[in-house]
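Enquirer: just coords:
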């Protein structure tokens, strides 16, 4: 038994199981293979993704705490320079931008769980980022939001 990754002419990807490569070719020539999404018979094999396990003897670079702190610092600097801090008005400003009442721009700030629920219901995309303040060490719910 062999498994091939297949794609129809409409771009839908799926896999097919065949007895061997000749069985695939025979079924393809007789238009017996069809896309499970759109039923298109114009199907071709595509490269499969696979992984190769490396031996344990190879040294892999690993991030050390200092590297992670440097990356975090660079992200925080970028956010400070490129996002307007709207503080506790994050949800209000995000909604204004979403509905065109304010100019689109990058904003950051904080919001309550209720405000975040409202933003999600309204279709406003945002993400939470752990706060860089020392308070975040004691309060895991203390996060900054970004849009």
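Expert: In hand now; what should we look at? Predicted, not measured: the structure shown is a model, and the values here were computed from it.
Enquirer: which regions of this structure lie under the pLDDT threshold?
Expert: 50-63, 130-147 (pLDDT under 70).
Enquirer: Report the beta-bridge partners for the residue most central in space within it.
Expert: With distances taken as CA atoms, centre = their mean, the residue of the chain nearest its centroid is residue 127 (11.5 Å). Beta-bridge partners of residue 127, counted by DSSP bridges, are residue 146.
Enquirer: Could you do residue 13 as well?
Expert: residue 7.
Enquirer: which residues in this protein form strands?
Expert: 2-8, 13-18, 43-45, 84-87, 107-109, 127-130, 143-146 (DSSP state E).
Enquirer: out of those, nearest to residue 66?
Expert: Closest of the strands of the chain to residue 66 is strand 127-130, at 18.0 Å (criterion: CB to CB). The C-beta positions use only the backbone N, C-alpha and C, and glycine is treated the same way.
Enquirer: so what does the closest one touch, helix or strand wise?
Expert: Using 3 or more CB pairs under 8 Å, 6 or more residues apart in numbering; DSSP states H and E, the elements in contact with strand 127-130 are strand 143-146.
Enquirer: State the distance from residue 108 to residue 78.
Expert: 11 Å (CB to CB, to the nearest Å).
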